[in-house]
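**Student:** for reference, the sequence and a predicted model appear below.
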Amino acid sequence: MSQWVILVGRPSDLDNAATPHKVMTSRDYLARPALFGAERPKVINLCRSYSYQSRGYYASLLAGARGHRVIPSVETMIDLSERKLYENALPELEELLAKAIGAEKDCPREPVRFYFGYTDDARLERFAKLLFDWFRAPALEVVLEWRERVRIKRVGFASIGKLDEPEKARLLQAMERYTAREWRDARSKTPAKYSFATLVDPKETLPPSTIGTLKHWAKIAGRMGVDVEPIGKRDLPRLANFDALFIRETTAISNHTYRFARRAVQEGMPVIDDPVSMIRCTNKVYLNELMTANGVCVPRSVMIGGREDFARAADELGFPMVLKIPDGSFSRGVKKVADRTALEALALSWLEDTDLLIAQEFMPTRFDWRVGVLGGQPLFAVQYHMAKSHWQIINHETGGRPMEGGFTAFALADAPPTVLDTGLRAAKLIGDGLYGVDLKETDNGVFLIEVNDNPNLEHGVEDAAERDEVWTRLTRWFVERVER
């Protein structure tokens, strides 16, 4: 487990007894690069100044070079050096402020301080967390003003050297909350070497992994010196406490999963799924173009941007055909249309929300293949059977809970080589993470349907043939990248 190190400008700035973490001056940290050996501590930089080429600036700069995760980063220091560098964050911050402060008389006249995403002002709790999301710094000071509504005049750092004792106590209390390991298993007798966060939503109807599955992974990871802890969408401020992130909620560019992935990359931690993979995989139009350009076989396809494309789709693909929304998931946003009338009705409805659809030829099969790929190597191979009396593996048209078909898991050694090869070639075009490649095996060859950045990984299903080797390899993938 990585240790926390608190950097101060002067020994008197922070009494060692005030925190259980190691406290040292920036001068000592800068002068002793080999002090931590192979360990990679997490550094909280509480220097009095972060100005360019100050000790505080160099402490964060060299922390990055030494592989130490640090807040604030040099990027944050630069962002807050001039208003024009952070003004892109102001609209979202001011919108949240307006919901909290609705009258001029309620607008604070004095600068408001925020410590590690916390504040004593209950009205500004959500704003404090969003501010910390944008600018990860121990102590921030915000100057507000009223111009028709509440506005942000300035965002800057609050220097520990200027804090009185009550304010310093608030800072220390917030720091201990920030560094606390609230999810640690109290029964664990052996400290874990690493701690991995798993982003989950226990209420999700069709999660990529259930809570029971993640507990199974946690057992295997625990034997390898890794602590697996669940986090939720409100835990973004805690993300830097961990060494890696595994997203097990359905991903979307428009929701918090993308923000978590982006933050993990900014923190320098390995993440599944990474933002680039999300962007590439969540859009079926992009995938179709990418695979076609690189010689991976896909069903015949026609892009539909309006009424003028209906006739071409009908002529080139025939009926029935499959119509897809670019960013659907788990068989949602994918429908079969039987004739020109059905095509026009569905397409016109969907085009109200998206500028482009993709139509593909219908390729009937009894099952679909999914090849799991991790780090460019096959992880699992499964046949998903069609849902009863339906043409997809998940039937969302039941009027109730979605109905799923069965499955047949294959040992990798027994899976058809052409299926594995197509899956690997497709995944490598996306990246180095974890992907579920959906394929159809026909008399005319193997065709790629899509590459999923957030594939199902369920204990007893995808791992039914390769068993715990799946989870061992997943853990090893993360550990290898943490240690790079």
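**Tutor:** That came through, no problem.
**Student:** please work out which residues outside stretch 477-484 touch it.
**Tutor:** The set of residues external to stretch 477-484 that reach it, using C-beta atoms under 8 Å, 6 or more residues apart in numbering, is 194, 196, 224, 226, 243-244, 246, 269-270, 272, 374-375, 434. For every residue, glycine as well, the C-beta is placed using N, CA and C.
**Student:** quick check: which element contains residue 91?
**Tutor:** Residue 91 is part of helix 90-100 when elements are defined by DSSP states H and E.
**Student:** how far away from the center of its chain is the helix or strand following that helix?
**Tutor:** Downstream of helix 90-100, the first helix or strand assigned by DSSP H and E is strand 112-115. Between the mean C-alpha location of strand 112-115 and the chain-wide mean there is a distance of 27 Å, by C-alpha atoms, centre = their mean, to the nearest Å.
**Student:** what is strand 112-115 packed up against?
**Tutor:** In this structure, strand 112-115 makes packing contacts with helix 125-134, strand 139-147, helix 165-179, judged by 3 or more C-beta pairs under 8 Å, 6 or more residues apart in numbering; DSSP states H and E.
**Student:** got the CA positions of stretch 77-89 in CSV?
**Tutor:** Extracted C-alpha coordinates of stretch 77-89, given in CSV (Å, rounded to 0.1, in the frame of the first residue of the first chain):
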residue,chain,number,x,y,z
MET,A,77,-0.9,25.1,-10.4
ILE,A,78,-0.7,26.5,-14.0
ASP,A,79,-4.5,26.3,-14.5
LEU,A,80,-5.1,28.5,-11.4
SER,A,81,-2.3,31.0,-12.2
GLU,A,82,-4.6,33.0,-14.6
ARG,A,83,-8.4,33.3,-14.9
LYS,A,84,-8.3,32.7,-18.6
LEU,A,85,-6.8,29.3,-18.0
TYR,A,86,-9.7,28.1,-15.8
GLU,A,87,-12.6,30.1,-17.2
ASN,A,88,-13.9,27.0,-19.1
ALA,A,89,-14.8,25.6,-15.7
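**Student:** before we move on, back to that, most tightly surrounded among the helices and strands packed on strand 112-115?
**Tutor:** Between these, the one whose residues have the most neighbours on average, counting mean count of other C-beta atoms under 10 Å, is helix 125-134 (a mean of 20).
**Student:** can you list the helices and strands packed on strand 112-115 in TSV and add mean pLDDT and distance to residue 156?
**Tutor:** TSV is the format used below for the helices and strands packed on strand 112-115 (pLDDT from 0 to 100; distance: least, C-beta to C-beta, whole Å):
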stretch	mean pLDDT	distance to residue 156
helix 125-134	90	12
strand 139-147	95	5
helix 165-179	91	15
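**Student:** got those as JSON lines, with distance to residue 284 columns?
**Tutor:** Conversion of the helices and strands packed on strand 112-115 to JSON lines gives the following (distance: least, C-beta to C-beta, whole Å):
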{"stretch": "helix 125-134", "distance to residue 284": "30"}
{"stretch": "strand 139-147", "distance to residue 284": "41"}
{"stretch": "helix 165-179", "distance to residue 284": "40"}
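**Student:** out of those, which gets nearest to residue 69?
**Tutor:** Evaluated with C-beta to C-beta, the helices and strands packed on strand 112-115 place helix 165-179 nearest to residue 69, the distance being 12.2 Å.
**Student:** is it fair to say residue 5 lies in a strand?
**Tutor:** Yes: for residue 5, which was evaluated using DSSP: H, G, I helix; E, B strand; the rest coil, the result is membership in a strand.
**Student:** and it, how many neighbours?
**Tutor:** 21 (other C-beta atoms under 10 Å).
**Student:** ok, residue 350 next?
**Tutor:** What residue 350 shows, counting by other C-beta under 10 Å, is a neighbour count of 19.
**Student:** ok, now residue 477?
**Tutor:** The burial metric for residue 477, expressed as a neighbour count using other C-beta under 10 Å, is 20.
**Student:** over to residue 63?
**Tutor:** Applying other C-beta under 10 Å, we find 24 residues neighbouring residue 63.
**Student:** please renumber so the chain begins at 58
**Tutor:** Renumbered: residue one is now 58, and that last one reads residue 120.
**Student:** helix, strand or coil for it?
**Tutor:** Look at residue 120: counting by three-state DSSP, its state is helix.
**Student:** that one contacts residue 104, doesn't it?
**Tutor:** No: assessed by C-beta atoms under 8 Å, residue 120 is found out of contact with residue 104, at 11.6 Å.
**Student:** ok, residue 395 - contacts?
**Tutor:** Taking C-beta under 8 Å, 6+ apart as the definition of contact, the neighbours of residue 395 are 376-377.
**Student:** for it, give me the pLDDT.
**Tutor:** Taken from the predicted model, the pLDDT recorded for residue 395 is 91.
**Student:** over to it: give its phi and psi.
**Tutor:** phi -90, psi -20 (degrees, to the nearest 10).
**Student:** check the one 10 residues further on too.
**Tutor:** Dihedral pair for residue 405: phi -60, psi -40, per degrees, to the nearest 10.
**Student:** give me the pLDDT value at it.
**Tutor:** The per-residue pLDDT reported for residue 405 equals 92.
**Student:** just to revisit the earlier point, just the buried members of the contacts of stretch 534-541?
**Tutor:** Those of the contacts of stretch 534-541 that meet the buried threshold are 251, 253, 283, 300-301, 303, 326-327, 329, 431-432, 491, by 16 or more other C-beta atoms under 10 Å.
**Student:** quickly name whichever of those residues is closest to residue 289.
**Tutor:** When these are compared for distance to residue 289 (C-beta to C-beta), residue 303 wins out at 13.7 Å.
**Student:** that closest one against residue 253, yeah?
**Tutor:** Yes: using C-beta under 8 Å, residue 303 is in contact with residue 253, at 6.1 Å.
**Student:** overlap in contacts of these two?
**Tutor:** Common neighbours of residue 303 and residue 253 (C-beta under 8 Å, 6+ apart) are 285, 535.
**Student:** please name whichever of the helices and strands packed on strand 169-172 is nearest to residue 371.
**Tutor:** helix 182-191 (47.7 Å).
**Student:** what are the contacting residues of that closest one?
**Tutor:** Residues from elsewhere that reach helix 182-191 (C-beta under 8 Å, 6+ apart): 143, 146, 149-150, 153-154, 157, 171, 173-176, 197, 199, 212, 291, 293-294, 316, 320.
**Student:** how far away is residue 478 from residue 503?
**Tutor:** 8 Å (C-beta to C-beta, to the nearest Å).
**Student:** ok, the two, which is more surrounded?
**Tutor:** The residue with the greater number of neighbours, taking residue 478 and residue 503 and applying other C-beta under 10 Å, is residue 503; the counts read 18 against 13.
**Student:** for the more buried one, phi and psi?
**Tutor:** Main-chain torsions, residue 503, degrees, to the nearest 10: phi -100, psi 130.
**Student:** now do the same contact list for the closest residue to it other than its chain neighbours.
**Tutor:** Setting aside the residues directly before and after it, residue 503 is nearest to residue 479 in space (C-beta to C-beta, 6 or more residues apart in numbering), at 4.6 Å. Residues in contact with residue 479 (C-beta under 8 Å, 6+ apart) are 353-354, 428, 494, 496, 503, 505.
**Student:** check which helix or strand the spatially closest residue to residue 202 that is not a sequence neighbour maps to.
**Tutor:** Nearest residue to residue 202 in three dimensions, chain neighbours excluded: residue 210, at 4.6 Å (C-beta to C-beta, 6+ apart). Per DSSP H and E, residue 210 falls inside strand 206-214.
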